[in-house]
Structure formats: structure tokens, C-alpha cells
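**Student:** Mind folding the following:
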Amino acid sequence: MKVNFKRYGLYLVRWQLSTPILAGVGIVLASMGALVAAIVANLIGGLLFFWVDRFIFTSETLDAQWEVKENICCIDCGKVSRGYRLVRAKSYDRSDDPEPEFRCEECSIKKSDELKRKGHNH
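**Tutor:** Got it, this is the predicted structure:
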């Protein structure tokens with residue numbers, strides 16, 4: 001299994017942010033007993049952090065990194081416009097590419113669709 005360190009780092013930060021919330025609930029409910037306070041705190045934490053965890057582990061936003069540049073010459077069609085290039089994705093890393101290839105928006109969408117059809121998740 002390959003670890004996505006960006007997702008893992010966000011998860012660890014989220015985990016630490018849950019500490020004061022769960023501790024606060026535990027303190028407020030301490031008079032009900034430690035077990036009841038822990039159960040209620042974990043239920044509240046589950047209700048709150050399920051959505052955050054879901055975003056961290058399923059968001060496509062965290063998958064790919066793109067670079068956007070103005071006034072490029074599209075590598076595919078030659079049009080001068082705003083250009084896009086995929087820098088990093090799951091099994092793709094061109095962060096040190098000495099000659100990056102930018103595409104206009106139309107060609108970038110075509111290229112992305114082509115890669116998806118081939119089974120790449122860029």
C-alpha cells in the first residue's frame with residue numbers, strides 16, 4: 001500500500017484538533033461518570049469528524065497538483081493562452097521536469113479525458 005503523505009498529514013492534524021473538543025465534552029460531562037462522558041464525547045466526535053475524514057480520504061482535490069501559467073503556447077494545438085500542466089498525481093511526478101508541457105484549457109480537458117479512458121487517475 002502506497003501512503004499519500006498529504007492525506008496522512010491532514011489526518012494527523014485533524015486527529016489533534018479533535019483532542020480539545022473531546023476533552024471539553026469529557027470535562028463537562030464528568031459528573032455523569034467517565035464511561036458515559038467517553039461514550040458521549042466519542043459520539044460527538046464521530047458526528048463531527050466523519051465528514052472531515054471523508055473529505056481527507058476521498059477528495060479528488062488532494063489527488064492531483066496542477067500548475068497554471070499565463071501566455072503559454074499549447075503543446076498540442078499551438079494556441080497562446082492560459083496553460084495547464086499536471087505536476088503530480090498518484091503515480092505521476094513531473095515536479096522537476098526541466099521542460100514542462102503546458103496545454104490550453106481545451107487540450108488539457110481532452111488529455112485528462114484520454115487518460116481517464118486509459119485507466120489513469122490523473
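**Student:** so residue 101 sits in a strand?
**Tutor:** No - counting by DSSP: H, G, I helix; E, B strand; the rest coil, residue 101 is not part of a strand but coil.
**Student:** ok, now which ones touch it?
**Tutor:** Taking Cβ atoms under 8 Å, 6 or more residues apart in numbering, we find residue 101 in contact with 75, 85. For every residue, glycine as well, the C-beta is placed using N, CA and C.
**Student:** do the same with residue 30
**Tutor:** residue 37.
**Student:** For residue 37, see how far away it is.
**Tutor:** Residue 30 sits 6 Å away from residue 37, going by Cβ to Cβ, to the nearest Å.
**Student:** and what of residue 56?
**Tutor:** Separation of residue 56 from residue 37 (Cβ to Cβ): 27 Å.
**Student:** Partner strands of the helix or strand of the chain with the lowest mean pLDDT and their direction?
**Tutor:** The least trusted helix or strand in the chain, going by mean pLDDT, DSSP states H and E, turns out to be strand 92-93, with a mean of 78. Using DSSP bridges, the strands paired with strand 92-93 are strand 80-89 (antiparallel).
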